[in-house]
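K.L.:
attaching a predicted model along with its sequence, questions to come.
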Amino acid sequence: MTTDWAVPEALAGRCPAARVEPDAILNFDGPLRTAAGVTAGLDLALALMEENWGELARQAAAQFVMFFGHGGGQMQLSRHGLGAPVGRSALQEVQRWVAAHPAEDHGVERLPARTGMSPRHFVRLFQVETGLMLATYVEGVRIEATRRLLESRGMATKQVAGACGFRDAGTLWRAFARRAGTTPVEYRRCQGGTGLCPWGG
């Protein structure tokens with residue numbers, strides 16, 4: 001089990017038969033589900049939602065601008081900005097296009113053409129309306145697409161990289177490790193195709 005970082009010794013003292021995992025955010029041990037403190041309780045709620053309702057948990061995480069799918073210990077995969085498209089209608093259409101076609105060229109010379117804006121105006125407006133730099137948003141969408149393919153367990157990492165718009169497997173590994181705090185291989189092993197990861201369990 002796990003608990004708030006400040007009291008693992010106290011928990012171990014009260015429950016000597018229990019195996020306490022102080023670094024775990026969530027811990028699943030059969031029917032027993034524990035979380036590391038108050039805010040981790042929200043993560044536990046999302047994990048239970050995904051266990052029962054799947055995609056609804058991801059949508060909830062996006063609405064709350066929360067982290068989803070912990071990448072090990074305190075490292076987390078940020079989904080900030082990857083919920084419903086925001087901003088003006090032209091920008092929303094671009095966001096939908098990027099999400100639907102992660103492998104396409106989404107450079108600053110390509111995407112503005114879909115809106116009729118100049119590249120400079122498009123980049124500035126995109127950041128103002130979404131709160132994210134264009135490159136950050138595109139990489140986030142590609143990481144999310146990567147995560148979904150890794151959970152399906154059907155493709156080699158090199159194939160996943162190509163399908164999600166990364167130049168090669170090395171580029172994917174670096175981006176994924178930076179955002180998720182773990183490697184694609186470790187993420188896939190942990191997920192086991194379920195979308196849930198009982199860290200510390």
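P.N.:
Now that the structure is in, tell me what you want to look at.

K.L.:
what residues does stretch 99-118 touch?
P.N.:
90-91, 93-94, 97-98, 119, 121-123, 125, 134, 138, 141-142, 145, 162-165 (C-beta atoms under 8 Å, 6 or more residues apart in numbering). Where C-beta positions appear, they are placed from N, C-alpha and C, glycine not excepted.

K.L.:
weed out the non-buried ones from those residues.
P.N.:
Neighbour-count burial (16 or more other C-beta atoms under 10 Å) applied to the contacts of stretch 99-118 gives 90-91, 94, 98, 122-123, 125, 134, 138, 141-142, 145, 162, 164-165.

K.L.:
tell me which of the residues you listed is nearest to R14?
P.N.:
Nearest to R14, judged by C-beta to C-beta, of those is A145 at 44.4 Å.

K.L.:
quick one: secondary structure of that closest one?
P.N.:
Here A145 is recorded as helix under DSSP: H, G, I helix; E, B strand; the rest coil.

K.L.:
please name the residues that touch it.
P.N.:
Contacts of A145 (C-beta under 8 Å, 6+ apart): 99, 102, 163-165.

K.L.:
from the contacts of stretch 99-118, which land in helices?
P.N.:
90-91, 93-94, 97-98, 119, 121-123, 125, 134, 138, 141-142, 145, 162-163 (DSSP state H).

K.L.:
which SS class is the closest residue to A12 other than its chain neighbours?
P.N.:
In space, and not counting its chain neighbours, A12 is closest to V20: 4.7 Å by C-beta to C-beta, 6 or more residues apart in numbering. Three-state call for V20 (three-state DSSP): coil.

K.L.:
pretty sure V20 is touching M1, no?
P.N.:
Yes - when contacts are counted by C-beta atoms under 8 Å, V20 is listed as touching M1 (6.1 Å).

K.L.:
which neighbours do these two have in common?
P.N.:
Common neighbours of V20 and M1 (C-beta under 8 Å, 6+ apart) are L11.

K.L.:
greatest separation within the buried ones among the contacts of stretch 99-118: which pair is it?
P.N.:
L125 and G162, at 30.5 Å, using C-beta to C-beta across the buried ones among the contacts of stretch 99-118.
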